[in-house]
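S.K.: model the structure of this input:
(one chain, ligands or ions: 1)
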Amino acid sequence: MVEPVLEISDLVKNFGALRATDGVTLDLRPGEIHALIGPNGAGKSTLIHQICGTLRQDSGTIRFAGQDIGGLGVAGRARLGLGRTFQVSSLAPEFSALRNVMLAVQAREGTSFRFFKPVMRDGSLIDTAMAMLERVGLTARARIPAAELSHGERRQLEIAMALALRSKAFLLDEPMAGMGPEGSKSLTRFLDALRQEAPILLVEHDMDAVFALADRISVLVYGRIIATGTVEEIRRDPAVRTAYLGDHV
Ligand SMILES: Nc1ncnc2c1ncn2[C@@H]1O[C@H](COP(=O)(O)OP(=O)(O)OP(=O)(O)O)[C@@H](O)[C@H]1O
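M.R.: Residues are numbered from 1 along each chain as shown. Have a look, this model is predicted:
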């Protein structure tokens, strides 16, 4: 079998008396979109935060690109190629789309964030960043401050930044949230192509997008994975229908 890019084993996270992650085991394989679905409060965001390092697990292991990343912080994991976009955006809102991507390119190359001026004069950095913006369809918006971009455009910008970091896996937390039907459709097409770049762990409530994109789906309920399978397997699973899908199938 092909080696997974990301391997989570028996992960546990408690918030006081609440077990938000209850023995989660899942993996992400090269080239796939693995969707993580489940009701509100099931623990999806908590899991993503433990993978990217903003929360530490109480027990269990997370292996990424062949190594145990449990001891690394957010920056160390990002340097290894863990690319993420969040429900709450991590963009610098006052900077242009182009400058945000340039900072990501710079971070990949290990240059300090402080030297903005020389960076803006570096033609090759601009070219690299513009190429990323072109990939996500934001060329015409390159000089617009991130704060003035639409919600959908900000999501595309975050993906351009993840591309700039040469991510080996993408963690996407509800990328469709707040998008209109057109935005969702075009983001779905984009994510479909993005999986060739790196596999995607996709947390998403939009079931049209999940069913269109996912190679595998895991269903999280009360911090536990109750089923993992293909779209058809998950649609048919009686426990999943009872716990979550109901009318969605
Ligand atoms: N920092 C925290 N302290 C205490 N409880 C928390 C904390 N973060 C999350 N929780 C609780 O952990 C559980 C899982 O929350 P989480 O946000 O991970 O769920 P989710 O599946 O992402 O939900 P949604 O689909 O609404 O985003 C919830 O009961 C939530 O109230």
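S.K.: mind checking which helix or strand of this protein has the lowest mean pLDDT?
M.R.: Lowest on mean pLDDT, DSSP states H and E among the helices and strands of the chain sits helix 116-121, with a mean of 52.
S.K.: next helix or strand past that one?
M.R.: helix 123-135 (DSSP states H and E).
S.K.: buried residues in that following helix?
M.R.: Neighbour counts over helix 123-135 (16 or more other CB atoms under 10 Å) mark L125, I126, T128, A129, M130, M132, L133, R135 as buried. Backbone N, C-alpha and C define where each C-beta goes, glycine included.
S.K.: burial measure for the nearest residue to G73 once chain neighbours are set aside, as a count.
M.R.: In space, and not counting its chain neighbours, G73 is closest to G53: 5.4 Å by CB to CB, 6 or more residues apart in numbering. Residues near G53, counting by other CB atoms under 10 Å, number 20.
S.K.: cool, the one 3 residues further on as well?
M.R.: Neighbourhood size, R56 [other CB under 10 Å]: 11.
S.K.: care to break the chain down by domain?
M.R.: What automatic domain parsing lists as the domains of the chain is 1-81+167-249, 90-166.
S.K.: for the ligand, find the nearest of the ones you listed.
M.R.: domain 1-81+167-249 (3.3 Å; CB to the nearest ligand atom).
S.K.: quick check: mean pLDDT across that closest one?
M.R.: Across domain 1-81+167-249, the average pLDDT comes to 91.
S.K.: adding distance to the ligand, write the domains of the chain out as a markdown table.
M.R.: Formatted as a markdown table, the domains of the chain follow (distance: least, CB to the nearest ligand atom, whole Å):
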| stretch | distance to the ligand |
| --- | --- |
| domain 1-81+167-249 | 3 |
| domain 90-166 | 16 |
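S.K.: returning to what we had before: and the residue nearest to G73, what are its phi and psi?
M.R.: With angles defined as degrees, to the nearest 10, G53 sits at phi 100, psi 0.
S.K.: so where do the helices sit in the protein?
M.R.: 44-52, 74-80, 97-108, 116-121, 123-135, 151-164, 181-194, 207-213, 231-236, 238-240 (DSSP state H).
S.K.: what sits against D192?
M.R.: D192 is in contact with I33, A212, L213, counting by CB atoms under 8 Å, 6 or more residues apart in numbering.
S.K.: now, which of the residues you listed sits nearest Q196?
M.R.: I33 (10.8 Å; CB to CB).
S.K.: which ones are touching the closest one?
M.R.: L191, D192, R195, P199, I200, L202, L213, A214, D215.
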